[in-house]
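Participant: Fold the following and give me the result.
(one chain, ligands or ions: 1)
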Amino acid sequence: MFDSLKERFENIFSSLRGKGKLSEEDINLALREVRRALLEADVNYKVVKDVVEAIRARATGQQVLESITPSQLIFTIVYEELIKIMGEAPAPLVISPKPPTVYMMVGLQGSGKTTTTVKIARRMSKGHKPLVVACDLRRPAAVEQLRVLAEKANIPFFGPEAGETDPVAVARKSRAYAESRLCDMILLDTAGRLQMDDELMHELEAMKAATAPTEILLVVDSMTGQEAVNVAGTFHERLGLTGVVLTKLDGDARGGPSLAVRASTGVPIKLAGCGEKTEDLEVFDARRMAQRIIGMGDMEGLLEKVQSATSESDIERMTESLKKNRFTLEDMLMQLQQIKKLGPLEKVLEMLPIPGASKALKNADLDPKRMKQTEAVILSMTTKERRNPEIIKGSRRKRIAQGSGTSVQMVNQVLAQYEQMKGMMKTFGKMSGGKGGFKMPPGMGGMMKGKRGFFR
Ligand SMILES: Nc1nc2c(ncn2[C@@H]2O[C@H](COP(=O)(O)OP(=O)(O)OP(=O)(O)O)[C@@H](O)[C@H]2O)c(=O)[nH]1
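Facilitator: Next comes the predicted model:
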């Protein structure tokens, strides 16, 4: 299914290679395929809608390049948007500053709660001494299952006394037991249901109140599909989840629920279960999950290729401008966007044929807020204004200030900064053919430290 998405993309875009910009029609065609593929991967339709719109905004007007295909470009945009939704940085499990750390494991029956409880205990036993506690008293076999798994993994276990029917009492008593065994961590394995029910929720709420857990982790079977969103929503509403563990990722589920759960609840996915054995637990990796959802390996490699191709083409354009001794506000905007994309300006300059330019800027520190405002100001100008800044007089400045949500003063500053950069670029242009070292042109220092520049 996803291979065919790739093929469909190639077909749509094959005639476009190396020509102009992506048209609205091309993008619509591609987005229709993206939408279909994400829905097939069990991504919730509301999430699909948001992703598609984000992709549209980024893809519109993109230049079609010689060295990469439009389909590769769109693929990388889809990839980056999916990662954004799932959270780029891993979310580690929280350890309570005052022991014991308590994790309450919740989820539907069969989601993998019991197995995951032991998996986490095993993982944490490297720096801690965890105790697993059987609080699922509805299914007698569940207590035994946890005891056996814990024993195999060499993890201390606490269960109900004969005749005990109150899981909250078991959870409460486990604290004293943990203390007596010098355990600094308690993992509560709670009961699940085939469907959500109020009685179960009451029981879990009471357990939360009695144990003040450090984390409440929802265990979600990645094969659940769309239903995962409703389940996560209800658990989060009633208990306030702190994390999600996605299980059974070793199966052939596409992983759509991870997107949907994160997007609908905002709760981070912390861990991923990838097998039946107690060591089969990994830190959740949004990048790998995005590759899985797209159905394409080595997206990182592709991303790198697209990023460098985009920069190369921008750099070519800018070098051309410099050769012609013309530096417009469009070039300045491109530079700003380059800086955002590539990181430090030195990297951009490294690509320009100017000896020593990057060295001179090595320690430049960028002010992101200032850059954003500058970008907003330039984006509020018309193309004509960007190419001919000298026409931007009083009333235009007022309009631009309003459009960008800044002030006339800010517009003035951007224009002054542009003039400064233009002067500097002229110097660069003259130097670009020459040999030897590069001295920072006059005005550049001001840009780096002064109030007007992007630099702090
Ligand atoms: N392949 C695979 N199987 C898993 C994974 N996690 C759990 N399982 C299996 O899923 C089944 C259900 O797991 P349990 O841990 O018993 O699930 P539970 O949520 O505790 O179920 P109840 O106790 O009935 O509420 C078992 O056969 C586990 O071996 C996983 O990451 N991959």
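Participant: tally of neighbours for residue 46?
Facilitator: Number of residues near residue 46 (other CB atoms under 10 Å) recorded here: 12. Placement of C-beta: from N, CA and C, glycine included.
Participant: Could you list the buried residues of the helix or strand containing it?
Facilitator: Residue 46 is part of helix 45-59 when elements are defined by DSSP states H and E. Of all the residues in helix 45-59, those buried under the rule 16 or more other CB atoms under 10 Å are 47, 48, 51, 52, 54, 55, 56, 58, 59.
Participant: same check, this time on stretch 157-177
Facilitator: 157-160, 167-171, 173-175, 177.
Participant: Pick the one among these closest to the ligand.
Facilitator: residue 167 (12.5 Å; CB to the nearest ligand atom).
Participant: how near is the residue nearest the centre of the chain to residue 37?
Facilitator: Geometric centre of the chain, nearest residue: residue 84, 2.7 Å, by CA atoms, centre = their mean. Separation of residue 84 from residue 37 (CB to CB, to the nearest Å): 18 Å.
Participant: helix or strand right after the host helix or strand of residue 204?
Facilitator: When elements are assigned from DSSP H and E, residue 204 belongs to helix 198-211. Next in sequence after helix 198-211, counting helices and strands by DSSP H and E, comes strand 215-221.
Participant: before we move on, the earlier item: in a strand, that's where the residue nearest to the centre of the chain is, yeah?
Facilitator: No - Residue 84 sits outside any strand when classified using DSSP: H, G, I helix; E, B strand; the rest coil, being helix.
Participant: residues contacting it?
Facilitator: Neighbouring residues of residue 84 by CB atoms under 8 Å, 6 or more residues apart in numbering: residue 54.
Participant: Report the beta-bridge partners for whatever residue of the stretch 201-350 of the chain ends up closest to the ligand.
Facilitator: Proximity of the stretch 201-350 of the chain to the ligand (CB to the nearest ligand atom) peaks at residue 273, 2.9 Å away. Beta-bridge pairing for residue 273 (DSSP bridges): residue 281.
Participant: Tally up the residues packed near it, please.
Facilitator: So residue 273, with other CB under 10 Å, has 24 neighbours.
Participant: How about the contacts made by the residue lying closest to residue 206 once chain neighbours are set aside?
Facilitator: Of all residues not flanking residue 206 in the chain, residue 168 sits nearest, at 4.9 Å (CB to CB, 6 or more residues apart in numbering). Counting by CB under 8 Å, 6+ apart, residue 168 makes contact with 135, 203, 206, 207, 210.
Participant: Any chance of those in CSV with neighbour count and distance to the ligand as columns?
Facilitator: Listed next are these as CSV, based on neighbours: other CB atoms under 10 Å; distance: CB to the nearest ligand atom, whole Å:
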residue, neighbour count, distance to the ligand
135, 30, 11
203, 19, 13
206, 14, 18
207, 26, 15
210, 14, 20
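Participant: What is the nearest of those to residue 327?
Facilitator: residue 207 (65.5 Å; CB to CB).
Participant: which residues does the closest one contact?
Facilitator: If you count contacts by CB under 8 Å, 6+ apart, then residue 207 has 104, 135, 167, 168, 171, 188, 190 around it.
Participant: if you look at those residues, which of them are in strands?
Facilitator: Residues of those located in strands (DSSP state E): 104, 135, 188, 190.
Participant: Tell me the spatial nearest neighbour of the second one, not counting adjacent residues.
Facilitator: Residue nearest to residue 135 in three dimensions, not counting chain neighbours: residue 167, with 4.1 Å by CB to CB, 6+ apart.
Participant: ok, back up a step: okay, the buried residues of helix 45-59 in CSV with pLDDT and distance to the ligand next?
Facilitator: Output for the buried residues of helix 45-59, formatted as CSV (pLDDT from 0 to 100; distance: CB to the nearest ligand atom, whole Å):
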residue, pLDDT, distance to the ligand
47, 81, 23
48, 86, 26
51, 82, 26
52, 87, 30
54, 84, 30
55, 82, 31
56, 84, 36
58, 79, 34
59, 76, 36
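Participant: could those residues be laid out in a markdown table, adding distance to residue 394?
Facilitator: Listed next are the buried residues of helix 45-59 as a markdown table, based on distance: CB to CB, whole Å:
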| residue | distance to residue 394 |
| --- | --- |
| 47 | 46 |
| 48 | 46 |
| 51 | 43 |
| 52 | 41 |
| 54 | 37 |
| 55 | 39 |
| 56 | 36 |
| 58 | 34 |
| 59 | 37 |
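Participant: Give the residue spans of the chain that score low on pLDDT.
Facilitator: 1-22, 61-70, 253-254, 295-303, 305-325, 338-367, 425-456 (pLDDT under 70).
Participant: of all the residues in it, which ones are close to the ligand?
Facilitator: 107, 109-115, 136, 139, 142, 192, 247-248, 250-251, 273-276, 280 (CB under 6 Å from any ligand atom).
Participant: Out of those, list just those in helices.
Facilitator: The helices, defined by DSSP state H, take in 113, 114, 115, 142 from the residues of the chain next to the ligand.
Participant: Any chance of a markdown table for the residues you listed, columns distance to residue 327 and neighbour count?
Facilitator: Output for those, formatted as a markdown table (distance: CB to CB, whole Å; neighbours: other CB atoms under 10 Å):
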| residue | distance to residue 327 | neighbour count |
| --- | --- | --- |
| 113 | 62 | 25 |
| 114 | 65 | 27 |
| 115 | 62 | 23 |
| 142 | 70 | 21 |
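Participant: For residue 391, state which of those is nearest.
Facilitator: residue 113 (66.7 Å).
Participant: contacting residues for the closest one?
Facilitator: 105, 106, 107, 136, 189, 190, 192, 219.
Participant: 6 Å instead, please
Facilitator: 105, 107, 189, 192, 219 (CB atoms under 6 Å, 6 or more residues apart in numbering).
Participant: mind putting the residues you listed in JSON lines, neighbour count included?
Facilitator: Formatted as JSON lines, the contacts of residue 113 follow (neighbours: other CB atoms under 10 Å):
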{"residue": "105", "neighbour count": "27"}
{"residue": "107", "neighbour count": "26"}
{"residue": "189", "neighbour count": "31"}
{"residue": "192", "neighbour count": "22"}
{"residue": "219", "neighbour count": "26"}
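Participant: which one among those gets closest to the ligand?
Facilitator: residue 192 (3.2 Å).
Participant: Over to the closest one: give its phi and psi.
Facilitator: For residue 192, the backbone dihedrals (degrees, to the nearest 10) come out as phi -120, psi 170.
Participant: Following element in sequence after the helix or strand where residue 398 lies, please.
Facilitator: Using DSSP H and E, residue 398 sits within helix 394-404. Per DSSP H and E, the first helix or strand lying C-terminal to helix 394-404 is helix 408-431.
Participant: just the angle between that next one and helix 394-404, please?
Facilitator: 100 degrees (axes from the mean of the first three to the mean of the last three CA atoms, to 10 degrees).
Participant: Show me what helix 408-431 is packed up against.
Facilitator: helix 329-342, helix 368-379, helix 394-404 (3 or more CB pairs under 6 Å, 6 or more residues apart in numbering; DSSP states H and E).
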